[in-house]
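Colleague: structure for this input, please:
(chains A and B)
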Amino acid sequence: MNVVTPAPLVVDGLLVGAILFALGLVGLLARRNLIVMFLCAELMLQGISVSLVAWSRHHGDWGGHVLVIFVLTVAACEAAVALVFVLQAFARTGRLDSAAWQSLREANLPRIVDRELPATDAVPPRFPRLTPAGVAPATDEDALLEREQV
Amino acid sequence: MIASLLPSISPGTLLAGGVTATAASLWMLLPRGRSGRAERSSRWLGGLLGLAALAAFIALGRRLGSVGEDTIFLVVALVAVVSGAATVVSRSPVYAAIWFAMALAGVSGVLLVLGGQFLGVATIVVYAGAILVMFLFVLMLAQPAGLAPYDRVSNEPLLAAVAGAVLLGILSLSIGRLAADPASCCAVPATKAALLATDPGAGPNGPGTVDLLAADHVARLGGELFGRHLLAVEVAGVLLLVALVGSIAIVSRGAADDEATDSRRATP
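Modeller: So this is what the prediction gives:
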């Protein structure tokens, strides 16, 4: 048997990939916004890519790199089709809410009922106001008329 | 270094603590539809717990791997993981998308350190440059003003956080086992090893391997891609075409449906 001990960097790469995959899974399970769910799925794909490149480095061949290139391709296709579906879903329900499609759930699962949310005390954003400078120019009635004729 | 402050804790304790802290921190950080003050204090506490979980995993990585020796890897991995967590827990989907761009920057740094020069660049160009911008376009088209109620609540935040943390614990356990006992994962049968030993173009990892960090990395990757995997490249091209045609078909049929509905409404 010919045993190659994984290099420390390979183990680190696998750990980072596992963490990214788990974070994406939590988001995909918990969040309700359709677009955020797709972002979390992409995060899981990133975790997979990191693991594949780490294994590629360990085994010393191109397989992992080639697979990651195909992951990129499929992710591009998936994003295109998924975003079209999301836009259609938004056009029908006016919401980006996955619970708007809960009639597709399993028969034995309870219905998601939204409770009344407490008010946020979030401060509305304050945008800077420019101080008015100079004098407003006098309007030239003749010029305005001429412009309308053009 | 935070990790060097915890020299005497066993890896098992580190893993259990890290997994528990991850679950608790994600549960506190996820939106749960509460009032502003409770939400803010829960986010602070969740952030602190998340830092504790990060410290536990850095210490674990130091036991198993080289985290802390390679400073660049540590920095880019921290950027990727922290921005990934922020993507998951951001209330506003626009912020989530922008945090995801930051996570992509971290991931491409990790890929670069691991020797994927082409992939690091391709991740930025394809993901951040094309896919993420498409997400942002759709967000700008579809996002209502202000924070929607469904962005302020989660489906089963506790169960989701526990499921993710348990998965992370299992994965870390198996990674730790293969670091401690490489024979469980990385053994090559003797016959194949003998075959590989005669390989003339052996890379630094021993016989049968290629030099991934060679100067002509991209040329070699292209040779592999368009040589051994040529058929897969063709299939990927067909897949892209099908996705393009399919998305256009779905959009135009949806528009036709809407027009039909409108005309039915107009002529009762």
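Colleague: from here on, contacts and neighbour counts on C-alpha atoms
Modeller: OK.
Colleague: C-terminal to the strand or helix carrying B:Arg62, what's the next element?
Modeller: B:Arg62 belongs to helix B:36-64 when elements are defined using DSSP states H and E. Going down the chain from helix B:36-64, the next helix or strand is helix B:71-89, by DSSP H and E.
Colleague: may I have the following helix or strand past that following helix exported as PDB, CA atoms only?
Modeller: The helix or strand immediately downstream of helix B:71-89 is helix B:93-113, counting by DSSP H and E. Provided in PDB are the C-alpha atoms of helix B:93-113 (Å, rounded to 0.1, in the frame of the first residue of the first chain):
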ATOM      1  CA  PRO B  93     -31.500  40.500   0.100                       C
ATOM      2  CA  VAL B  94     -29.400  43.200  -1.500                       C
ATOM      3  CA  TYR B  95     -27.000  43.100   1.400                       C
ATOM      4  CA  ALA B  96     -27.000  39.300   1.200                       C
ATOM      5  CA  ALA B  97     -25.900  39.500  -2.400                       C
ATOM      6  CA  ILE B  98     -23.200  42.000  -1.700                       C
ATOM      7  CA  TRP B  99     -21.900  39.900   1.200                       C
ATOM      8  CA  PHE B 100     -21.900  36.900  -1.200                       C
ATOM      9  CA  ALA B 101     -19.600  38.900  -3.500                       C
ATOM     10  CA  MET B 102     -17.300  39.400  -0.600                       C
ATOM     11  CA  ALA B 103     -17.500  35.600   0.200                       C
ATOM     12  CA  LEU B 104     -16.600  35.000  -3.500                       C
ATOM     13  CA  ALA B 105     -13.500  37.200  -3.100                       C
ATOM     14  CA  GLY B 106     -12.500  35.100  -0.100                       C
ATOM     15  CA  VAL B 107     -13.200  31.800  -1.900                       C
ATOM     16  CA  SER B 108     -11.100  32.800  -4.900                       C
ATOM     17  CA  GLY B 109      -8.300  33.700  -2.500                       C
ATOM     18  CA  VAL B 110      -8.600  30.200  -1.000                       C
ATOM     19  CA  LEU B 111      -8.500  28.600  -4.400                       C
ATOM     20  CA  LEU B 112      -5.400  30.700  -5.400                       C
ATOM     21  CA  VAL B 113      -3.600  29.500  -2.200                       C
END
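Colleague: counting by contacts, list what helix B:93-113 packs against.
Modeller: Packing partners of helix B:93-113 (3 or more CA pairs under 8 Å, 6 or more residues apart in numbering or on different chains; DSSP states H and E): helix A:34-59, helix B:71-89, helix B:117-122, helix B:132-142.
Colleague: give me the mean pLDDT for it.
Modeller: Averaged over helix B:93-113, pLDDT sits at 94.
Colleague: give me the angle between that helix and helix B:71-89.
Modeller: On the basis of axes from the mean of the first three to the mean of the last three CA atoms, to 10 degrees, helix B:93-113 is oriented at 160 degrees to helix B:71-89.
Colleague: and helix B:93-113, which residues are buried?
Modeller: B:93-94, B:96-113 (16 or more other CA atoms under 10 Å in any protein chain shown).
Colleague: how distant is it from the center of its chain?
Modeller: Chain-centre distance of helix B:93-113: 9 Å, with CA atoms, centre = their mean, to the nearest Å.
Colleague: what residues does that helix touch?
Modeller: Taking CA atoms under 8 Å, 6 or more residues apart in numbering or on different chains as the criterion, the residues outside helix B:93-113 that touch it are A:13, A:33, A:35-36, A:39, A:43, A:46, A:50, A:53, B:72-73, B:76-84, B:86-90, B:117, B:119-121, B:123-124, B:127-128, B:132, B:135-136, B:139, B:151.
Colleague: quick check: angle from it to helix B:132-142?
Modeller: Using the same axes, to 10 degrees: helix B:93-113 against helix B:132-142 is 180 degrees.
Colleague: pLDDT of the helix or strand in which B:Ala165 is found, averaged?
Modeller: Assigned by DSSP H and E, B:Ala165 falls within helix B:157-180. Mean pLDDT, taken over the full extent of helix B:157-180, equals 90.
Colleague: what's the neighbour count on A:Gly27?
Modeller: 31 (other CA atoms under 10 Å in any protein chain shown).
Colleague: tell me if the longest helix along chain A is near chain B.
Modeller: Secondary structure of chain A per DSSP state H: the longest helix is helix A:63-93. Yes. Using CA under 8 Å from any CA of the partner chain, we find that helix A:63-93 touches chain B at A:65-66, A:68-70, A:72-74, A:76-81, A:83-85, A:87-88, A:90.
Colleague: for residue 81, which non-adjacent residue is spatially closest?
Modeller: Looking at chain A here, since you left the chain open. Leaving aside its chain neighbours, A:Val81 sits nearest to B:Ser247 (5.2 Å; criterion: CA to CA, 6 or more residues apart in numbering or on different chains).
Colleague: wait, chain B
Modeller: A:Leu20 (6.3 Å).
Colleague: which residue does chain A bring closest to chain B?
Modeller: A:Pro8 (3.9 Å; CA to the nearest CA).
Colleague: remind me which residues of the stretch 1-150 of chain B are low pLDDT?
Modeller: By pLDDT under 70, the weakly predicted segments of the stretch 1-150 of chain B are B:1-8, B:65-69, B:144-145.
Colleague: for chain A, that is, sorry about that
Modeller: In the predicted model of chain A, residues A:1-4, A:121-123, A:147-150 satisfy pLDDT under 70.
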